[in-house]
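A.B. asks: mind looking at a prediction? Sequence and model below.
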Amino acid sequence: MLDLSVLEYALVIAIFIWSGFVRSGLGFGGAALGLPLMLFIYDQPLYWLPIIGLHLLLFSGLTLSTRISNVDWTYLRKAAWYIFPAALVGVIGLIQLPTQWLLIFIYSVSLFYAVLWLAGWAIHSGDSWIDKSLLVIGGYVAGTSLTGAPLMVAVFAKNVSKSQLRNTLFVLWFILVSVKMLAFATLDVNLNVPTSIALIPFAAIGHVIGLKLHDAIIQHDKLFKRFVGGMLIVVSSLGLWNVLS
């Protein structure tokens, strides 16, 4: 466990509740909207990513345990050819790149999403080559920082029915994170299992709230994203300022 003040521990708990809420409420984005906040507490991505990964495996597995039959396996297999090779390259970059570069990368990606959401703009996949490019880029970003979901969701939303979208995405996250965690274990990266277990109850609170409010969030998707986008612009801008200065 990190040597933090009582206030910092309280903030970590709040962030993991928030991350669990977003993950189950939207079906994606728990890492993209939680990691920038975590890095303000402790600016080491390799500390937080295994914790996020273990939580994602647990909660996506629980969600899928009763919904695994409602998954678009056909499109998932098709998309996997573009996502997973790029994700493996991203994992290698995560291990080898200097921490400062990773922080700049993570905050920049988060700032990009924040601007899109605050402005009410959406990432649209059009031609086949655009779809493939978004899947490759999203896979790489997911491999590097687990924040590539919004790029891949743009493609999946066009090719998977609404009734199967969230479950299909959960399967994708489960497989991606499994590969990433295996790479961490192989390369002797500390998985921070005790800290992850200690934070599970708080992530579970957010997860349950997100499941209950999923339909309401989807109905007010643009308003929710604009609120989150404004908050994320502030956080990501301050994070970049701290790193670059």
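C.D. replies: Happy to help now that I have it.

A.B. asks: hmm, who's touching stretch 238-245?
C.D. replies: With CB atoms under 8 Å, 6 or more residues apart in numbering as the contact definition, stretch 238-245 has outside contacts at 36, 39-40, 43, 100, 103-104, 106-108, 110-111. (C-beta placed from N, C-alpha, C; glycine too.)

A.B. asks: again, but for stretch 150-163
C.D. replies: Applying CB under 8 Å, 6+ apart, the contact partners of stretch 150-163 are 27-29, 32, 70, 72, 75, 79, 83, 113, 116, 122-125, 131, 134-135, 137-139, 141-142, 165, 168-169, 172.

A.B. asks: show me those that map onto helices.
C.D. replies: Per DSSP state H, helices hold the following members of the contacts of stretch 150-163: 32, 75, 79, 83, 113, 116, 131, 134-135, 137-139, 141-142, 165, 168-169, 172.

A.B. asks: so which bits of stretch 42-61 are buried?
C.D. replies: When burial is assessed from 16 or more other CB atoms under 10 Å, stretch 42-61 yields the following buried residues: 43, 45, 47-60.

A.B. asks: please apply the same query to stretch 219-230.
C.D. replies: So for stretch 219-230, counting by 16+ other CB under 10 Å, buried means 224-226, 228-229.

A.B. asks: ditto for stretch 2-19
C.D. replies: 11-13, 15-19.

A.B. asks: about what we covered before: including distance to A204, could the buried residues of stretch 219-230 go into a markdown table?
C.D. replies: A markdown table is the format used below for the buried residues of stretch 219-230 (distance: CB to CB, whole Å):
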| residue | distance to A204 |
| --- | --- |
| F224 | 21 |
| K225 | 24 |
| R226 | 28 |
| V228 | 21 |
| G229 | 26 |
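
A.B. asks: just the pLDDT at the most centrally placed residue in the chain, thanks.
C.D. replies: With distances taken as CA atoms, centre = their mean, the chain has A31 as the residue nearest its mean C-alpha position (3.0 Å). With respect to pLDDT, A31 scores 78.

A.B. asks: so what's it up against?
C.D. replies: Per CB under 8 Å, 6+ apart, neighbours of A31: 19, 23, 49, 52, 56, 145-147, 149.

A.B. asks: would you mind finding the longest helix in this protein?
C.D. replies: As assigned by DSSP H, the longest helix anywhere in the chain is helix 193-219.

A.B. asks: now do the buried residues in that one.
C.D. replies: By neighbour count with 16+ other CB under 10 Å, helix 193-219 contains the buried residues 195-196, 199-200, 202-204, 206-207, 209-211, 217.
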